[in-house]
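Chemist: Quick one: sequence plus predicted model below, questions after.
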Amino acid sequence: MSGTLDGRVVVVTGSGRGLGREHALRLAREGASVVVNDLEDGGRGPARDVVEEIRTLGGDAVADGHSVTTWGSAAQIVQTAIRTYGRLDGLVCNAGFLRDRMLTNMSEAEWDDIIKVHQYGTFFPLRHAAEYWRGRRKAGEAVDAAVVTTTAASGLHGNVGQVNYGAAKAAIALMTISSARELGRYGVRVNSISPLARTRLTMTGPSGGSRMAPDADGFDEMSPAHVSPLVAWLLNPQCTATAQVYAIFGRQIHRYTPWSPAESAHAAEDWTVESVAAALHNWPDQDDPGVIPGLSAPASAS
């Protein structure tokens, strides 16, 4: 197999199923050697099935069963790439799941589980990969590496029943921008995607089945296969984008910008409660906009 990622070595976390699987297959089709990371159960897991698919297609891949949620285990994911292929050129932080619940019913465990898998599960692999690339650069080697993290609409807009998930995904978006600004000096680009596609996660909502079904004309807007070409481009050495956040679903891609002021007010004297109220009174769109288009309340939000 050959393509735009010939000779590149890429780790994809959570790539045994869903979006991660599509990413791994697409990257392999583009010529990358792929470390397919997903949790194993008794020495067998979905990552090995994806590796077999890639090899059947003529690509090169290796399975890795380490968890992204602990420091040492995440380091081993990076080491799997280096031991197997002698290098690492790209990292896709994709692993994740949902623990949806309304705020007043959310347990400590439901908060902690999401933070560990999404925030820890992004930071730990990124931290160890960054250390590897910095070491290479300081040793005088050329580094041209790229990272793709995964945020979500809940992290960019907020959503009912997903305080934990939204907080974690918002942190990932800002982690991406900060990391890109730090790691650019070492030859590393970092970008994030906010995908909407049919996976086990998105099918859990009350309208998930109808919303995720193919259109009447046969076009499958929510197929996860639509997302992976963007991931492949962001990992491509010819791509120069960094510190960017992209939303993607179907045939649409949108670029987001970080938080920025929408309106401003200035006072001639020190603020009082009354002058603050007067200044803010005429600003538009200060009410809750409600549920984001394309998202629905989660099934377990009770």
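Modeler: Nice, thanks for sending it over. Numbering: from 1, shown residues only.

Chemist: secondary structure class for Val36?
Modeler: Classification of Val36 using DSSP: H, G, I helix; E, B strand; the rest coil returns strand.

Chemist: Check the gap between it and Ala171 for me.
Modeler: 26 Å (C-beta to C-beta, to the nearest Å). C-beta here means a position set from N, CA and C on the backbone, and glycine is covered the same way.

Chemist: Between these two, point out the one with more neighbours.
Modeler: In this view Val36 and Ala171 are compared by other C-beta atoms under 10 Å, and Val36 has more residues nearby, 34 against 17.

Chemist: Quick check: beta-bridge partners of the more buried one?
Modeler: Beta-bridge partners recorded for Val36 (DSSP bridges): Val12, Ala63.

Chemist: Report pLDDT for it.
Modeler: For Val36, the pLDDT comes out at 98.

Chemist: for it, what are its contacts?
Modeler: If you count contacts by C-beta atoms under 8 Å, 6 or more residues apart in numbering, Val36 has them with 12, 15-16, 24, 47-48, 50-51, 54, 61-64.

Chemist: Go through these and name the one nearest Val148.
Modeler: The closest of these to Val148 turns out to be Val12 (C-beta to C-beta; 9.0 Å).

Chemist: wait, doesn't that closest one sit right on His23?
Modeler: Yes: taking C-beta atoms under 8 Å as the definition, Val12 is a contact partner of His23 at 5.1 Å.

Chemist: for the stretch 1-150 of the chain, what spans make up the strands?
Modeler: 9-12, 33-37, 60-64, 90-92, 145-150 (DSSP state E, counting those that start in this stretch).

Chemist: mind checking which of those strands is nearest Trp233?
Modeler: For those, proximity to Trp233 was assessed by C-beta to C-beta; strand 145-150 is nearest, at 9.7 Å.

Chemist: Give the other helices and strands that the closest one contacts.
Modeler: Applying 3 or more C-beta pairs under 8 Å, 6 or more residues apart in numbering; DSSP states H and E, we find strand 145-150 packed against strand 90-92, helix 121-138, helix 163-183, strand 188-195, helix 228-235.

Chemist: taking the ones you listed together, which one is wrapped up most tightly?
Modeler: The highest average neighbour count among the helices and strands packed on strand 145-150, using mean count of other C-beta atoms under 10 Å, belongs to strand 90-92 at a mean of 31.

Chemist: hmm, back to that, got a winner among the contacts of Val36 for most neighbours?
Modeler: In those, the most neighbours by other C-beta under 10 Å go to Val12, 37 neighbours.

Chemist: Per-residue pLDDT of it, please?
Modeler: For Val12, the model assigns a pLDDT of 98.

Chemist: so how far is Asn159 from it?
Modeler: 26 Å.

Chemist: For the stretch 201-302 of the chain, which segments count as helices?
Modeler: Under the criterion DSSP state H, counting those that start in this stretch, the stretch 201-302 of the chain contains helices at 208-211, 228-235, 273-281.

Chemist: Could you double-check that Asp6 lies in contact with Gly31?
Modeler: Yes: if you go by C-beta under 8 Å, Asp6 and Gly31 touch, sitting 3.8 Å apart.

Chemist: Looking only at neighbour counts, state which of those two leads.
Modeler: Per other C-beta under 10 Å, whichever of Asp6 and Gly31 has more neighbours is Gly31, with 17 against 12.

Chemist: If anything else comes up later, I'll come back, but that's it for now.
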